[in-house]
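[1] next come a sequence and a model predicted from it.
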Amino acid sequence: MTGLSLNIPRLETGRLILRAPCEADLNAEAEFFASDASKFVGGPKRPDETWRSIAMLLGHWALRGYGFWGVEEKDTGTYVGHVGLWFPHSWPEPEIGWTLMNTATGKGYATEAALAARAHAYDVLGWETAISLIDPANTASRAVAERLGAAFDYTYEHPAFGTMQVWRHPGPGDLVNGGMEAYA
């Protein structure tokens with residue numbers, strides 16, 4: 001039996017590196033998922049559940065050929081969250097998503113990394129549209145979606161998370177340079 005090999009591209013922005021999720025991310029992720037801040041993304045969770053979540057992120061790459069990247073600061077190597085492309089069973093459409101660790105919010109990292117992920121979706125994968133699925137009470141995530149140029153499109157009843165808002169991103173034809181001009 002041979003091991004599974006995943007080809008997860010490494011992306012870079014002005015301040016961030018987007019790379020394969022890994023077990024070294026566990027401590028930061030477990031701390032985040034133990035906090036109330038994780039309530040919009042399926043938390044709080046125990047550390048063993050968080051480990052399974054990291055495995056799920058890698059499994060999405062294996063099943064779909066794209067997924068969430070682990071995101072770290074270029075200058076320090078500090079892990080700041082996971083951002084990327086998501087389309088598991090029960091999602092209405094392919095998504096651009098972001099989850100930042102508590103110490104990384106308010107710095108523009110979610111927007112910067114999501115722009116890189118969206119450019120990859122449009123320029124490499126050929127997506128023609130993308131959404132972000134956001135809990136209506138998650139004002140910080142809605143603000144990121146707005147900074148990305150996304151607009152509320154419709155309400156979706158998720159089987160596990162209940163009422164969610166679907167925010168539609170501008171399509172590739174509506175963007176210059178995949179929307180990455182601010183971070184090139």
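    Everything's here; your move.
[2] so what's the spatially closest residue to residue 110 that is not a sequence neighbour bridging to?
    Closest residue in space to residue 110, ignoring its immediate chain neighbours: residue 98 at 4.2 Å, by Cβ to Cβ, 6 or more residues apart in numbering. For the C-beta atoms, the positions are set from N, CA and C on the backbone; glycine is no exception. Beta bridges link residue 98 to residue 83 when assigned by DSSP bridges.
[3] from what I see, residue 98 and residue 80 are in contact.
    No. Residue 98 lies out of contact with residue 80 (Cβ atoms under 8 Å); the separation is 10.3 Å.
[4] list the contacts of the helix or strand harbouring residue 53.
    Element membership for residue 53 (DSSP states H and E) is helix 47-64. If you take Cβ atoms under 8 Å, 6 or more residues apart in numbering as the criterion, helix 47-64 is touched by 4, 6, 8, 20-23, 25-26, 29-30, 33-34, 42, 45, 66-68, 82, 85-88.
[5] drop anything exposed from those residues.
    For the contacts of helix 47-64, a neighbour count by 16 or more other Cβ atoms under 10 Å gives the buried set as 8, 20-21, 25-26, 29-30, 33, 45, 66-68, 82, 85-87.
[6] okay, now the unreliable bits of the chain?
    Low-confidence segments of the chain (pLDDT under 70): 1-4, 176-184.
[7] coming back round to it: in helices, which of the buried ones among the contacts of helix 47-64 fall?
    26, 29, 30, 33 (DSSP state H).
[8] out of those residues, who's nearest residue 109?
    residue 29 (15.3 Å; Cβ to Cβ).
[9] tell me the contacts of the closest one?
    Residue 29 touches 50, 53, 54, 82, 101, counting by Cβ under 8 Å, 6+ apart.
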